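**Student:** Next one to model:
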Amino acid sequence: MASGTQMELIRAWSRDIGHVVDASNSPKAEFARLAKAKGWEGGNETWRSRWKECFKEEYPYGQCRRLARGDKAAALQDGGIHLEDRMRRLSIVSDTSSFSVISRADSFDSVRSFDSQESFEDLGAVVDVPVSLNPASVSETNEYKEPIESERKPPLSSSRCKAGSNPAWAEFTNFVHSPTAHFKSEFERLAHIKNWAGNVKRQQFVYLLSSEVAFYWGTGEDKLEQYQEMCRDLGLTHIPGTVTQCKKVRF
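**Tutor:** The predicted model follows:
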């Protein structure tokens, strides 16, 4: 379907809520904006059906998880996987509201500094990232700089994962998202461009992290294993033995 036709379809879906389509954006960027306005959650039935109708392709929901699972052992043998990469490989079932890290963001007991310049004590949703997992350098302009070799993320099981990009990032103008960059560095770069601070920054963090979870995680099997892996990624030393215990963990 031509981009002009895609935009017309998006406009048609927008009329009932008075949403204004920005013709200067790409169709997928406008789809993401409309989805947010309509309350469509990334990867749910409505989102997938509308995406296919508009773009004549299947929505790549959970694509990276499915591609990465078969190469999990090899990837770990290559020296470990960065926190953001491992989060994107997990499969968390939909009834967990994208795991407690999203749905209970305001209830975390232990909050760390999100960067070296600004304390996020009021954010209440930040995971402490070890020094070894420092993100790539981010300039004060809209420019992504490649990380040095020691900080470079190990590859996932397929380059197709890297090529896929969560459409929620495209919602923001004057920002070009790098799918291979760490979530942390991308969010800080976007926040700098948009001059977000305080509660606004917290809300956008929760929104974007939620959309990342919905885009990169599928739904499926091995739930306990995946919950436990998530707990390890978030720095827990005592890993719960049941799904229920994992869901009750407070960070």
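
**Student:** where does the stretch 151-251 of the chain have low pLDDT?
**Tutor:** The stretch 151-251 of the chain contains residues with pLDDT under 70 at 151-164, 213, 216-223, 226, 229-230, 233-235, 249-251.

**Student:** Would you map the strands across it?
**Tutor:** Under the criterion DSSP state E, counting those that start in this stretch, the stretch 151-251 of the chain carries no strands.

**Student:** Per the annotation, how does the protein divide into domains?
**Tutor:** Split into domains by automatic domain parsing, the chain comes to 3-55, 63-247.

**Student:** Need the nearest residue in space to Lys28, chain neighbours excluded.
**Tutor:** Distance criterion Cβ to Cβ, 6 or more residues apart in numbering; nearest residue to Lys28, sequence neighbours excluded, is Pro167 at 5.3 Å. The way it works is simple: take the backbone N, C-alpha and C, and place the C-beta from them, glycine included.

**Student:** Kindly apply the preceding question to Leu224 instead.
**Tutor:** Val243 (5.3 Å).

**Student:** And the helices in this protein, which stretches?
**Tutor:** In the chain, the helices defined using DSSP state H lie at 3-14, 27-38, 45-55, 63-69, 72-77, 83-89, 100-103, 159-163, 183-194, 198-216, 223-233, 243-247.

**Student:** buried sites along the first one?
**Tutor:** Just to be clear, that refers to helix 3-14. Across helix 3-14, burial judged by 16 or more other Cβ atoms under 10 Å covers Gln6, Met7, Leu9, Ile10, Trp13, Ser14.

**Student:** One more: the longest one?
**Tutor:** By neighbour count, and taking 16+ other Cβ under 10 Å as the criterion, the buried residues in helix 198-216 are 201-202, 204-206, 208-216.

**Student:** export those to a markdown table and tack on distance to Arg232?
**Tutor:** Shown next, in a markdown table, are the buried residues of helix 198-216 (distance: Cβ to Cβ, whole Å):
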| residue | distance to Arg232 |
| --- | --- |
| Lys201 | 27 |
| Arg202 | 25 |
| Gln204 | 27 |
| Phe205 | 22 |
| Val206 | 22 |
| Leu208 | 23 |
| Leu209 | 18 |
| Ser210 | 21 |
| Ser211 | 23 |
| Glu212 | 19 |
| Val213 | 17 |
| Ala214 | 22 |
| Phe215 | 22 |
| Tyr216 | 17 |
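
**Student:** Among those residues, which one lies nearest to Val20?
**Tutor:** Gln204 (20.5 Å; Cβ to Cβ).

**Student:** From Lys194, how far off is Gln203?
**Tutor:** Note on Gln203: its distance to Lys194, by Cβ to Cβ, to the nearest Å, is 12 Å.

**Student:** what's the closest of the buried residues of helix 3-14 to Phe55?
**Tutor:** Gln6 (6.7 Å).

**Student:** residues contacting the closest one?
**Tutor:** Residues near Gln6 by Cβ atoms under 8 Å, 6 or more residues apart in numbering: Pro27, Phe31, Cys54, Phe55.

**Student:** Need those in JSON lines (columns: neighbour count, distance to Cys231 and pLDDT).
**Tutor:** Formatted as JSON lines, the contacts of Gln6 follow (neighbours: other Cβ atoms under 10 Å; distance: Cβ to Cβ, whole Å; pLDDT from 0 to 100):
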{"residue": "Pro27", "neighbour count": "21", "distance to Cys231": "39", "pLDDT": "87"}
{"residue": "Phe31", "neighbour count": "26", "distance to Cys231": "34", "pLDDT": "88"}
{"residue": "Cys54", "neighbour count": "20", "distance to Cys231": "38", "pLDDT": "90"}
{"residue": "Phe55", "neighbour count": "16", "distance to Cys231": "36", "pLDDT": "88"}
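
**Student:** wait, which of those is closest to Phe187?
**Tutor:** Phe31 (21.2 Å).

**Student:** residues in contact with the closest one?
**Tutor:** Contacts of Phe31 (Cβ under 8 Å, 6+ apart): Gln6, Ile10, Arg50, Trp51, Cys54, Phe55, Pro167.
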